[in-house]
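Visitor: 3D, please:
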Amino acid sequence: MLKRLLVCFAILLAPLAIAQETPLPNPQVIIKTSEGDITLRLFRDKAPLSVDNFLAYVDAGFYNGTIFHRVIPNFMIQGGGFLPDMSQKATGDPVPNESRNRLHNTRGTIAMARTNDPDSATAQFFINQRNNLQLDWAPGRDGYTVFGEVILGMNIVDFIATAPTGKVGMLDDVPLQPIMIKEIVRAKAL
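Guide: Model prediction:
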């Protein structure tokens, strides 16, 4: 009788064990820009620290009113840190580099921007307009952490990449007309 009870108990607990082993969901966000919307799928299962960091900024409304401040055609578009007057927003602590996650800087992926210090990424990100495998981790080379991909709106990324740019202060490749990030919001589940 006790053996039968234990088997029944194990059968009842099996779905809970399976649910705990299920990978974390990969959320989606929408970058609402002055040029149109870009929808991203984030890879929480491959870059959990970077995704949670990015979502904390999204949920706090940090990106609202920022700009794409660096645009290089046939390379990438970068945003998430500057206001239209080119003042830089204060950020939280940096997140550790996760570039060894086997995700690649290919066309349409989003990655964390950083300084020469591999563990310096905070809020800024870039979207690869083309394959940029030279930005991946390799032995002896710290890479840039890919943490998501464009699933809708790559045409908007391509359009932003054509913006005329110039030098503003110490920064090169700044769009002459600000390209606004109106807001970044979590996509509603269907």
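
Visitor: can you get me a residue count around residue 87?
Guide: Neighbours of residue 87 under the rule other CB atoms under 10 Å: 9. Glycine gets a C-beta too; all of them are placed from N, C-alpha and C.

Visitor: ok, now how distant is it from residue 64?
Guide: 15 Å (CB to CB, to the nearest Å).

Visitor: my read: residue 152 touches residue 31, true?
Guide: No: Residue 152 is beyond contact range of residue 31, at 10.4 Å (criterion: CB atoms under 8 Å).

Visitor: overlap of the contact sets of the two?
Guide: Residues touching both residue 152 and residue 31 (CB atoms under 8 Å, 6 or more residues apart in numbering) are 37-39.

Visitor: among the residues you listed, name the ones in strands.
Guide: Applying DSSP state E to the shared contacts of residue 152 and residue 31, the entries found in strands are 37-39.

Visitor: can you select the buried ones among those residues for me in PyMOL?
Guide: The PyMOL command for the buried members of those (criterion: 16 or more other CB atoms under 10 Å) is given here:
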select buried, resi 38+39
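
Visitor: now tabulate the ones in strands among the shared contacts of residue 152 and residue 31 in TSV and tack on distance to residue 146 and pLDDT.
Guide: Below are those laid out as TSV (distance: CB to CB, whole Å; pLDDT from 0 to 100):
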residue	distance to residue 146	pLDDT
37	21	98
38	16	98
39	17	98
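
Visitor: and of the ones in strands among the shared contacts of residue 152 and residue 31, the nearest to residue 107?
Guide: Each of these was checked against residue 107 using CB to CB; the closest is residue 38, at 13.5 Å.

Visitor: ok, and the closest non-adjacent residue to residue 92?
Guide: Residue nearest to residue 92 in three dimensions, not counting chain neighbours: residue 122, with 6.4 Å by CB to CB, 6 or more residues apart in numbering.

Visitor: how near is the one you found to residue 161?
Guide: Distance, residue 122 to residue 161, using CB to CB: 23 Å.

Visitor: could you do residue 75 as well?
Guide: Distance from residue 75 to residue 161, by CB to CB: 8 Å.

Visitor: what do the two both touch?
Guide: Here residue 75 and residue 161 have residue 129 as joint contacts, going by CB under 8 Å, 6+ apart.

Visitor: who has more neighbours, those two?
Guide: More crowded of residue 75 and residue 161, by other CB under 10 Å: residue 161, with 19 against 16.
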